[in-house]
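Asker: need a structure here:
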Amino acid sequence: MELKIHFGGEMKKIGDGEDYEYLGELGSKNVEWKIDDIVWDMFVDFCKEEALIRAPLGLICLRTPTEMMQNVLMKRKNTVRCPK
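Answerer: Numbering: from 1, shown residues only. Here you go, the predicted structure:
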C-alpha cells in the first residue's frame, strides 16, 4: 500500500463545523508498506528515522486522498490497524 505521510503539524478544527485543517507541516514522504504490517511502531520509527522528529507521537490521522478533512480517522497508540 502506498502512503503519503505528512509530518510535523497539528490538526485544527475550523469554526463550529466538523471540518479540520492541517497546520505547520514540516514535510511529507511517500512510503510503500504492506497493509497487514502497519502498526503504531512503524509510524514512530518513521518519525525518528525518516522525518527526524524526536517528539512523542500522540495521534495519527488517516484518510484517503479523495476524502475531505472532516472524514479523517484519528488513531491513538495501540489502536492502529488499517481496515482491509
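Asker: Tell me if I'm right that Glu32 and Ile5 touch.
Answerer: No: assessed by Cβ atoms under 8 Å, Glu32 is found out of contact with Ile5, at 11.3 Å. Using the backbone N, CA and C atoms, a C-beta is placed for each residue, glycine as well.
Asker: So between the two, which is more surrounded?
Answerer: Taking other Cβ atoms under 10 Å, Glu32 and Ile5 do not tie; Ile5 has more neighbours (16 against 7).
Asker: Please name the nearest non-neighbouring residue to that one.
Answerer: By the measure of Cβ to Cβ, 6 or more residues apart in numbering, the closest residue to Ile5 outside its immediate chain neighbours is Lys29, 5.6 Å from it.
Asker: That neighbour belongs to a strand?
Answerer: Yes: secondary structure of Lys29 (DSSP: H, G, I helix; E, B strand; the rest coil): part of a strand.
Asker: Contacts only, for it.
Answerer: Shown in contact with Lys29 (Cβ atoms under 8 Å, 6 or more residues apart in numbering): Lys4, Ile5, Phe7, Glu50, Ala51.
Asker: Next step: these restricted to strands.
Answerer: Lys4, Ile5, Phe7 (DSSP state E).
Asker: What helix or strand is Phe46 located in?
Answerer: Assessed by DSSP states H and E, Phe46 sits inside helix 40-49.
Asker: Now that helix - C-alpha only, PDB.
Answerer: These are the backbone C-alpha positions of helix 40-49, laid out as PDB (Å, rounded to 0.1, in the frame of the first residue of the first chain):
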ATOM      1  CA  TRP A  40       1.900   2.200  15.600                       C
ATOM      2  CA  ASP A  41       5.600   1.500  15.900                       C
ATOM      3  CA  MET A  42       6.100   1.800  12.100                       C
ATOM      4  CA  PHE A  43       4.900   5.400  12.400                       C
ATOM      5  CA  VAL A  44       7.100   6.000  15.400                       C
ATOM      6  CA  ASP A  45      10.100   4.600  13.600                       C
ATOM      7  CA  PHE A  46       9.300   6.700  10.500                       C
ATOM      8  CA  CYS A  47       9.200   9.800  12.600                       C
ATOM      9  CA  LYS A  48      12.600   9.100  14.100                       C
ATOM     10  CA  GLU A  49      14.400   7.800  11.100                       C
END
